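give me coordinates for this.
(4 chains)
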2 protein chains.
Amino acid sequence: MATINDIAKLAKVSKATVSKVINQHPGVKEETKKKVLRIMKQNNYWPNSVARSLSTHKSYTIGIFDPGRLNNFFFREVFEGIERVCGDKGYDILYFTDKKWDGSWVDFGYTEISKNRSVDGVIMMGFGRVETSKFDALLASDMPTVFIDLDLVGKNASYVTSDNFNGAKTAVRYLCQLGHEKIAMITGPNGFKVARERFSGFQSVLDEFEISYNPDWVFYCQYQLEAGYEAMKKILKMREKPTAIFAEDILAIGAIRAIRDHGFSVPEDFSIIGFDDIELSEHYDLTTIRQDKYMLGVSAAELVLKIINKKNSAPVILKTGLVKRATCRRITG
Amino acid sequence: MATINDIAKLAKVSKATVSKVINQHPGVKEETKKKVLRIMKQNNYWPNSVARSLSTHKSYTIGIFDPGRLNNFFFREVFEGIERVCGDKGYDILYFTDKKWDGSWVDFGYTEISKNRSVDGVIMMGFGRVETSKFDALLASDMPTVFIDLDLVGKNASYVTSDNFNGAKTAVRYLCQLGHEKIAMITGPNGFKVARERFSGFQSVLDEFEISYNPDWVFYCQYQLEAGYEAMKKILKMREKPTAIFAEDILAIGAIRAIRDHGFSVPEDFSIIGFDDIELSEHYDLTTIRQDKYMLGVSAAELVLKIINKKNSAPVILKTGLVKRATCRRITG
DNA sequence: GGCATCATGGAAACCGGTTTCCATACACTA
DNA sequence: TAGTGTATGGAAACCGGTTTCCATGATGCC
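Got it, this is the predicted structure:
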């Protein structure tokens, strides 16, 4: 590949001049510029972005950390949103893999990894649990950072999330308005921030409708279909059963399968409302609360670019919406 | 962040020595090495990978081009396979976004993009159609390259794919062995390489069983559920209908929905066999041919690393397997 | 015609590493 | 004691760009 020196020699100018042409700096005669551009084109020259990053400390790259693997049902859509925005602004995406540092002699945090790769900003996703101490250094650093679904802020850090609290309220309120008073919740692991918020929304609506809260009807489990299935099996064995269940989609689908496998049906015997609106949900005709995953990605990318450009960095909270399908029914009594 | 110069000064040695320590080169006294390592650790130093790439021409980064967006049902799994292998070997992944080059003054191909970013190798995926000319430069270059589902080879290029031909044969043979003689195929766009291979497998088994080929029973469409739905609607309107349908999963599922929406059922009225085994298929209890998407990613990454390390670069063809579920039945004719 | 001003382009330092090659010091041999 | 070999560490060039600052020549003005 041709380098800037080759081009300089061929054009009989200095590399400084070539650089000015590349970067459209003023102070180069039109004629000279034309000549340099022509030589560049003839030699199919494009500046080496690594060398450029080294001197400018700018790489046109956004890093992504996703060590917990963002929920499969989410990843592609969120990623696509990020990609769209980054692409439009000329950024590429560096996906940091989980690495085994064999006998690593240095403790290595997110800040070091990203600075060492010279990314211009990072998006942190797939961290479900709330243990923020490992982000302290990152938050204190000047690395532009956006968290997805973790409400952390810092000098150069902000976050993007869906309005889980109000989304959950919409869901549960919908059930209440259909006449349900015995409502169970199957949700994610207790330590998960999004799960907690949704649970708060759930409780808040129970209060609002003066429904007493029954802790036996709350199940915390991993975000896996089977876990929803098992939780529902427990419900089916209870003497006093709820009439409706609020559960994140993948768990809701597990529950639906358990219900069907045990000879009951939805919504006749149980009304089910989900949260997320993953792709599968449509196939189960699941009534649910939609999160806009694509927009989550778009917003995260836009926000990190704003922070990079020193624009405002206010957190973004995305609205959710009720998607009525076929798994909830009105009950009387 | 500390640089190699800072460390050198603090340790009262030259940067050359620090570099030797970092890279575990011989010729540094144990005592000196210890001291340097201690200083590095104290200052939380890690070498800047951009500077390093510039001088070594090695970046520990694998680039991914995916402009056509690898089928959503595939992406995450393939990506995860790639990630696992890359991570284990200390590589990160640079995802090249689709960029709009406003008034770009240079024609820009895959080779230039990857060289300019100094990736050590690239994986090309999501190119369904067979137009290979745009890969000519890449194939001729020395950039280690692996194609997924496109059988292109070059000095430093190879590919990974599933055995679509034999997979399709397994599918169709299974139908034949169940007694079906009237078999339709709903497949991807005509120009798609994988679709063509599967179609060849289909035809080959028809020959094998001496079943005459009926072109009216072959439908080419986009890989979208709705397209499968529409194709099936056409079949349902035919006077002489097939008894079985071979279709890629997403199309098969569209077909199943059409069948059900029109008052028929699977497998009573039609046997359906898919290809791919996407996540959805299990939920439809679809009998299908499984492609191991994760392994596709693993193999692609392993292969590109082999090429980088000048090991063999023989193409990898992954076996497929029949997954029997509930959408095919024996007929007696 | 002499001098200030401006447009243009180049020299050189720098970004943070790697690597080659040479200098030094010390030990060992003759 | 001089000569040779070996272990160790440093100087400097290099990777391919950017950027600052200065030199040069042309122009404008009095």
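
drop to CA atoms for contacts and neighbour counts, all remaining ones
Will do.

which residue does the stretch 151-300 of chain A bring closest to DNA strand C?
residue A:156 (20.0 Å; Cα to the nearest atom of the strand).

now the nearest residue in space to that residue that is not next to it in sequence: phi and psi?
Leaving aside its chain neighbours, residue A:156 sits nearest to residue A:144 (4.9 Å; criterion: Cα to Cα, 6 or more residues apart in numbering or on different chains). Taking degrees, to the nearest 10, you get phi -60, psi 130 for the backbone angles of residue A:144.

number of nearby residues for residue A:144?
27 (other Cα atoms under 10 Å in any protein chain shown).

test my guess that it contacts residue A:118.
No. Using Cα atoms under 8 Å, residue A:144 is not in contact with residue A:118; the gap is 11.6 Å.

who touches residue A:193 in this structure?
A:128, A:129, A:130, A:149, A:150 (Cα atoms under 8 Å, 6 or more residues apart in numbering or on different chains).

any chance of those in CSV, plus pLDDT and secondary structure?
Shown next, in CSV, are these (pLDDT from 0 to 100; DSSP: H, G, I helix; E, B strand; the rest coil):
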residue, pLDDT, secondary structure
A:128, 76, coil
A:129, 73, strand
A:130, 61, coil
A:149, 93, coil
A:150, 92, coil
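
nearest to DNA strand C among those residues?
For these, the nearest to DNA strand C is residue A:150 (31.0 Å; Cα to the nearest atom of the strand).

can you map out the helices along the stretch 1-150 of chain A?
A:4-11, A:15-22, A:30-42, A:49-56, A:72-88, A:110-116, A:136-140 (DSSP state H, counting those that start in this stretch).

with mean pLDDT, mean neighbour count and distance to DNA strand D added, can I get those in a markdown table?
Formatted as a markdown table, these follow (pLDDT from 0 to 100; neighbours: other Cα atoms under 10 Å in any protein chain shown; distance: least, Cα to the nearest atom of the strand, whole Å):
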| stretch | mean pLDDT | mean neighbour count | distance to DNA strand D |
| --- | --- | --- | --- |
| helix A:4-11 | 94 | 18 | 3 |
| helix A:15-22 | 94 | 17 | 3 |
| helix A:30-42 | 93 | 16 | 10 |
| helix A:49-56 | 95 | 17 | 4 |
| helix A:72-88 | 88 | 20 | 20 |
| helix A:110-116 | 89 | 20 | 15 |
| helix A:136-140 | 92 | 17 | 25 |
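
in JSON lines, list these along with distance to residue A:296.
Listed next are those as JSON lines, based on distance: least, Cα to Cα, whole Å:
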{"stretch": "helix A:4-11", "distance to residue A:296": "40"}
{"stretch": "helix A:15-22", "distance to residue A:296": "35"}
{"stretch": "helix A:30-42", "distance to residue A:296": "39"}
{"stretch": "helix A:49-56", "distance to residue A:296": "29"}
{"stretch": "helix A:72-88", "distance to residue A:296": "6"}
{"stretch": "helix A:110-116", "distance to residue A:296": "22"}
{"stretch": "helix A:136-140", "distance to residue A:296": "21"}
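
out of those, the one nearest residue B:218 is which?
Nearest of these to residue B:218, taken as Cα to Cα: helix A:72-88 at 31.3 Å.

could you export the closest one as PDB, CA atoms only?
Provided in PDB are the C-alpha atoms of helix A:72-88 (Å, rounded to 0.1, in the frame of the first residue of the first chain):
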ATOM      1  CA  ASN A  72     -30.000 -12.900  22.700                       C
ATOM      2  CA  PHE A  73     -33.400 -11.600  21.900                       C
ATOM      3  CA  PHE A  74     -32.000  -8.100  22.100                       C
ATOM      4  CA  PHE A  75     -28.600  -8.200  20.800                       C
ATOM      5  CA  ARG A  76     -29.100  -8.100  17.100                       C
ATOM      6  CA  GLU A  77     -31.600  -5.300  17.200                       C
ATOM      7  CA  VAL A  78     -29.700  -3.100  19.600                       C
ATOM      8  CA  PHE A  79     -26.500  -3.700  17.700                       C
ATOM      9  CA  GLU A  80     -28.200  -2.800  14.500                       C
ATOM     10  CA  GLY A  81     -29.300   0.500  15.900                       C
ATOM     11  CA  ILE A  82     -25.700   1.200  17.100                       C
ATOM     12  CA  GLU A  83     -24.400   0.300  13.700                       C
ATOM     13  CA  ARG A  84     -26.700   2.500  11.800                       C
ATOM     14  CA  VAL A  85     -25.700   5.600  13.700                       C
ATOM     15  CA  CYS A  86     -22.100   4.800  13.800                       C
ATOM     16  CA  GLY A  87     -22.000   4.000  10.100                       C
ATOM     17  CA  ASP A  88     -23.700   7.300   9.200                       C
END
